[in-house]
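> fold the following and give me the result.
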Amino acid sequence: MVPLVIGSEAGKEILQPLAVVVLGGLFTSTALTLLVLPACYVQFRKFLIPKKTTPIQNIELTQGSTV
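As a prediction, this is how the structure comes out:
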């Protein structure tokens with residue numbers, strides 16, 4: 001795809017827009033996978049991993065008492 005974007009051969013005017021879109025999609029999906037998703041996991045980790053409680057803490061939470 002890169003030669004279609006930067007090359008000057010015959011048929012470039014038809015295939016170049018497709019090559020630009022494909023390369024843009026590849027770069028975007030790679031950046032999202034390598035940068036954005038790990039950052040989201042780090043940011044929202046507290047919502048993804050449930051807090052560990054003991055059975056006694058669970059009873060206290062359901063009854064509304066505090067220690």
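> helices and strands around the helix ranked longest in the chain, which ones?
The residue-count maximum for a helix in the chain (DSSP state H) belongs to helix 12-31. If you count contacts as 3 or more C-beta pairs under 8 Å, 6 or more residues apart in numbering; DSSP states H and E, helix 12-31 packs onto helix 2-6. C-beta coordinates here come from the backbone N, C-alpha and C atoms, glycine included.
> would you mark the buried spots in the longest helix of the chain?
Residues Gln16, Ala19 are the ones in helix 12-31 that count as buried (16 or more other C-beta atoms under 10 Å).
> ok, now stretch 37-48?
Buried positions in stretch 37-48, judged by neighbour count with 16+ other C-beta under 10 Å: none.
> what residues does it touch?
Contact with stretch 37-48 is made by no outside residue, as judged by C-beta atoms under 8 Å, 6 or more residues apart in numbering.
> may I have the next helix-or-strand element following the longest helix of the chain as PDB, with CA atoms only?
Using DSSP states H and E, the helix or strand that follows helix 12-31 towards the C-terminus is helix 37-43. Taking Å, rounded to 0.1, in the frame of the first residue of the first chain, the C-alpha atoms of helix 37-43 are listed here in PDB:
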ATOM      1  CA  LEU A  37      -6.600   0.700  25.300                       C
ATOM      2  CA  PRO A  38      -3.800   0.200  27.800                       C
ATOM      3  CA  ALA A  39      -4.300   3.700  29.100                       C
ATOM      4  CA  CYS A  40      -8.100   3.100  29.500                       C
ATOM      5  CA  TYR A  41      -7.400  -0.200  31.400                       C
ATOM      6  CA  VAL A  42      -5.000   1.600  33.800                       C
ATOM      7  CA  GLN A  43      -7.500   4.500  34.300                       C
END
